[in-house]
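Asks: Got a sequence here, can you build the structure:
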Amino acid sequence: MLEAEFLYNTAGTGLFCHGGSLLRTMAGDLLAAWYAYPDVEHAGATLVMARRPAGAAAWKPSETPLPPSVYSQGNPVLFEEPSGRLWLLFVLVEGRYWTDAVLHGVSSTDGGRSWSPPAMLVPRRGLMVRHPPMPLADGTWLLPAYDELRHQSVLMGGRPPFTAWQEVFTFEDMRLIQPALVREGERLTLLF
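Replies: Coordinates of the predicted model:
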């Protein structure tokens, strides 16, 4: 069965939205995150999140999960560790355009009802994310990312507690962005 519902920006965050991420938690809640903006998508954007509790017939009103920032927020990515800790990765545009984006993250141990203070995860301008990471058998997680400066996809590697990610592979000859990983049994496939 396919369902379709409208989720709305939090009041005061703008009329437009982009970059949605959806997660069904191990507890059964649905979480949706996106960024809302008033006019230009890389200026004045704010992260917005909505929840549909397990078994509920409707979504709760959206909220802004992070404190206000002087920087535009964008490209939220939700994922959950096997321990149940939730992560919300996102970029802060610390300049005028996506080439000035810096990867940050917050975590939650209460199902996304409250979040840790934002922390920079990779001190590199232009690194963007769009899809969640996937775990490997050795405990490493691969995060598909892309460099907005070079228009080049990369894979970042990280391990809990995910306070830092390192580039582990660069797709040198492909000027494609916004890669996604898909698990097929024990195999991971990268999609562009």
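
Asks: Can you show me the CA trace of the helix-or-strand element of the chain with minimal mean pLDDT as CSV?
Replies: Scoring the helices and strands of the chain by mean pLDDT, DSSP states H and E places strand 187-191 at the bottom, with a mean of 77. Taking Å, rounded to 0.1, in the frame of the first residue of the first chain, the C-alpha atoms of strand 187-191 are listed here in CSV:
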residue,chain,number,x,y,z
ARG,A,187,27.1,-6.6,-1.2
LEU,A,188,27.0,-2.8,-1.2
THR,A,189,26.2,-1.1,-4.6
LEU,A,190,27.0,2.5,-5.2
LEU,A,191,24.4,4.4,-7.3
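
Asks: Let me see the residues that make contact with that strand.
Replies: 134, 136, 142, 144, 153, 155, 179, 180, 181, 182, 183 (C-beta atoms under 8 Å, 6 or more residues apart in numbering). In this view, the C-beta of every residue, glycine as well, is placed from N, C-alpha and C.

Asks: surely residue 32 meets residue 60?
Replies: No: with contact defined as C-beta atoms under 8 Å, residue 32 does not count as touching residue 60 (10.6 Å).

Asks: what residues are shared contacts of those two?
Replies: Counting by C-beta under 8 Å, 6+ apart, the contacts common to residue 32 and residue 60 are 50, 51, 52.

Asks: can you pull up the bridge partners for the residue nearest the centre of the chain?
Replies: Taking C-alpha atoms, centre = their mean, the centroid of the chain lies closest to residue 77, which sits 1.4 Å from it. Bridge pairing for residue 77 (DSSP bridges) gives the partners residue 89.

Asks: What of residue 167?
Replies: residue 156.

Asks: measure it to residue 118 for me?
Replies: Relative to residue 118, residue 167 is positioned 21 Å away (C-beta to C-beta, to the nearest Å).

Asks: Good, wrapping up.
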